[in-house]
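Peer 1: Have a look; sequence and predicted model below, questions after that.
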Amino acid sequence: MKAVLNLVETLGAATLGAVTYIGELAQFALSGLTHIFRPPYYPRLIGRSLMEIGYFSLPVVALTALFTGMVLALQFYTGFSRFNASSAVASVVVLAVVRELGPVLAGLMVSGRAGAAMAAELGTMRVTDQIDALSTLSTEPMKYLVAPRLLAGIIALPLLVVLADILGVFGGFIVATNKLGFTPGTYLTSTFTNLRTEDVISGLIKAAVFGFIIALMGCFNGYRSKGGAEGVGTATTSAVVSASILILALDYILTQVLFVK
């Protein structure tokens with residue numbers, strides 16, 4: 001009987017903790033979103049966040065997309081050639097990159113780089129009482145620290161995904177024309193014939209959502225950090241892991257909403 005009660009107590013505590021966490025996260029996200037649209041505005045901080053999330057993530061996103069496109073062309077050619085359908089390589093590569101792999105891989109890369117940096121910066125500010133000092137100086141921390149990063153995430157990741165889409169398709173083009181025997185004209189014609197506007201738009205919608213999630217989890221975990229240097233490290237790890245899991249989960253949900261009629 002005692003074992004059953006202990007199990008119920010453990011499950012109850014875990015459920016209560018999960019509900020509390022979700023409630024705090026939702027409240028934090030709503031507060032951050034409302035501060036985006038309310039004055040005062042800090043364009044300098046928004047520009048700085050755009051640089052940190054977007055510009056400094058260009059190399060890792062570009063390389064990831066390029067090599068992913070190259071690998072996709074090789075793998076799809078190997079698989080399709082077994083069914084005499086190798087001519088579909090260009091079509092499938094562009095759809096895979098634009099619809100799925102561009103937004104998802106860019107999101108995961110930015111999460112590991114920019115999301116961790118945001119959590120570490122805000123966590124350090126929290127444990128050294130700099131966030132409390134902002135409140136003392138009559139500056140709203142959510143407005144000054146969180147809102148610019150959320151807005152920058154929503155803007156920066158779609159721009160990165162546009163670059164990732166281009167480089168991913170270009171990587172497939174390089175391999176297909178130099179290794180697989182495709183002619184450049186045929187490959188490009190097949191690529192653009194099967195690419196639709198809604199494919200690109202859906203990928204950019206995913207990117208905007210993922211950018212918001214990355215900034216939200218980085219700020220949320222850093223803002224709630226406690227316990228000195230160890231707490232900052234825990235917050236950084238939690239930001240990357242939680243953002244990555246949410247990106248993968250939301251990718252399925254958004255795909256269901258956008259493509260399944």
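Peer 2: In hand now; what should we look at? Residues are numbered from 1 along each chain as shown.

Peer 1: what about residue 250, neighbour count?
Peer 2: Look at residue 250: counted by other CB atoms under 10 Å, it has 17 neighbours. Backbone N, C-alpha and C define where each C-beta goes, glycine included.

Peer 1: any idea which element it lies in?
Peer 2: Under the criterion of DSSP states H and E, residue 250 resides in helix 228-259.

Peer 1: check contacts around residue 102.
Peer 2: 65, 161, 164, 165, 168, 203, 207 (CB atoms under 8 Å, 6 or more residues apart in numbering).

Peer 1: which one of these is nearest residue 121?
Peer 2: Distances from the contacts of residue 102 to residue 121 were compared by CB to CB; the smallest belongs to residue 207, at 23.0 Å.

Peer 1: List the buried residues of the host helix or strand of that closest one.
Peer 2: Element membership for residue 207 (DSSP H and E) is helix 197-223. Going by neighbour count (16 or more other CB atoms under 10 Å), the buried part of helix 197-223 is 199-200, 202-223.

Peer 1: go on, stretch 69-88?
Peer 2: Those would be 69, 70, 71, 72, 73, 74, 76, 77, 86, for stretch 69-88 by 16+ other CB under 10 Å.

Peer 1: next one: stretch 98-117
Peer 2: Neighbour-count burial for stretch 98-117 [16+ other CB under 10 Å]: 98-99, 101-117.

Peer 1: measure that stretch end to end?
Peer 2: Terminal residues of stretch 98-117 lie 27 Å apart, using CA to CA, to the nearest Å.

Peer 1: next one: stretch 78-92
Peer 2: 13 Å.

Peer 1: For it, give the mean pLDDT please.
Peer 2: Averaging pLDDT along stretch 78-92 gives 84.

Peer 1: just how off-centre is it within its chain?
Peer 2: 30 Å (CA atoms, centre = their mean, to the nearest Å).

Peer 1: again, but for stretch 196-214
Peer 2: Offset of stretch 196-214 from its chain centre (CA atoms, centre = their mean): 10 Å.

Peer 1: picking up where we left off before, list just the nearest of the buried residues of stretch 69-88 to residue 61.
Peer 2: For those, the nearest to residue 61 is residue 69 (12.6 Å; CB to CB).

Peer 1: My understanding was that that closest one contacts residue 166; is that so?
Peer 2: No: if you go by CB atoms under 8 Å, residue 69 and residue 166 don't touch, sitting 9.5 Å apart.

Peer 1: helices or strands up against the helix holding residue 250?
Peer 2: Other elements packing on helix 228-259 under the criterion 3 or more CB pairs under 8 Å, 6 or more residues apart in numbering; DSSP states H and E are helix 102-110, helix 116-127, helix 197-223.

Peer 1: Can you add mean pLDDT and give those back as CSV?
Peer 2: What follows is the helices and strands packed on helix 228-259, written out as CSV (pLDDT from 0 to 100):
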stretch, mean pLDDT
helix 102-110, 95
helix 116-127, 92
helix 197-223, 94
